[in-house]
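Participant: Kindly generate the corresponding structure for this input.
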Amino acid sequence: MADRICLLEPARPAWIGDRLRVPRVHVSEAYGLDLGACWPHLWLIVPQESRTAVEAARDSLAAAARLTGWSALYLLLAVWWWPGAVIAGLLFATAWSRARMAAATLADLAEAVVDLHVGDLSDRLAPARQAEPLTGRALTSLLRRSRWDPDYPGGWSSEGG
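Facilitator: Predicted coordinates:
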């Protein structure tokens, strides 16, 4: 039941922001990997069917955002035409519901893409480093063009390396 409310302790002003933050935290905890650093590289090797699913979820979230914009325009119209307020309320409720579903789907798909393909990314980058498959921290360090420093607060050294 608690997972329906929030998968992590809330840290954003809205549920959607918290839900979109979950994959970054889960991937960091599970693999020691920075999702922001690895996503562009991972996206290049993900099969088309996975890309299509993620793109569809992203498009659904964008459509919900556009619907929210239309609700704001109808609310503005309500100053002169009272039915605009009713239309704005209905549009906003629909947009809010769709945005929550789309955000949850997008977050789940992003996490699934990492779960299924992080090993492939590691294997593809290992020859470039002439090394064994990389751990999450080594992958993040390579992709962020920095180095992992366990003594640095938060683990990341601000120096490149």
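
Participant: so where's the chain shaky on pLDDT?
Facilitator: When residues are selected by pLDDT under 70, those of the chain lie in 1-8, 11-12, 126-136, 139-161.

Participant: what about the helices in it?
Facilitator: Secondary structure of the chain (DSSP state H): helices at 2-5, 15-31, 35-45, 48-77, 83-129, 136-144.

Participant: Just the buried residues of the third one, please?
Facilitator: By neighbour count, and taking 16 or more other CB atoms under 10 Å as the criterion, the buried residues in helix 35-45 are 35, 37, 38, 39, 42. Any C-beta I mention is one placed from the backbone N, CA and C, and that applies to glycine too.

Participant: now for those residues, which pair is the farthest apart?
Facilitator: The span of the buried residues of helix 35-45, defined through CB to CB, is set by 37 and 42 at 9.8 Å.

Participant: Can you name the residues that contact residue 63?
Facilitator: 98, 102 (CB atoms under 8 Å, 6 or more residues apart in numbering).

Participant: still on that earlier bit, most packed of the helices of the chain?
Facilitator: Greatest average neighbour count among these goes to helix 136-144 (a mean of 21), per mean count of other CB atoms under 10 Å.

Participant: residues in contact with residue 108?
Facilitator: residue 23.

Participant: now residue 78
Facilitator: 84, 85, 88.

Participant: same thing but 6 Å
Facilitator: Contact analysis of residue 78 by CB atoms under 6 Å, 6 or more residues apart in numbering lists 84, 85.

Participant: got it, and residue 27?
Facilitator: Counted by CB under 6 Å, 6+ apart, residue 27 has contacts 33, 35, 114.

Participant: Is it possible to get those out as TSV so that each row also shows distance to residue 77?
Facilitator: Output for the contacts of residue 27, formatted as TSV (distance: CB to CB, whole Å):
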residue	distance to residue 77
33	47
35	41
114	44
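
Participant: Relative to residue 55, which of these is nearest.
Facilitator: Nearest to residue 55 among the contacts of residue 27 is residue 114, at 16.3 Å by CB to CB.

Participant: Next one: the residue of the chain most remote from its centre from residue 74, what distance?
Facilitator: Centroid-distance maximum for the chain: residue 80 at 39.7 Å, with CA atoms, centre = their mean. Distance from residue 80 to residue 74, counting by CB to CB, to the nearest Å: 11 Å.

Participant: same deal with residue 121?
Facilitator: 45 Å.

Participant: same thing with residue 86?
Facilitator: 9 Å.

Participant: Thanks a lot, see you next time.
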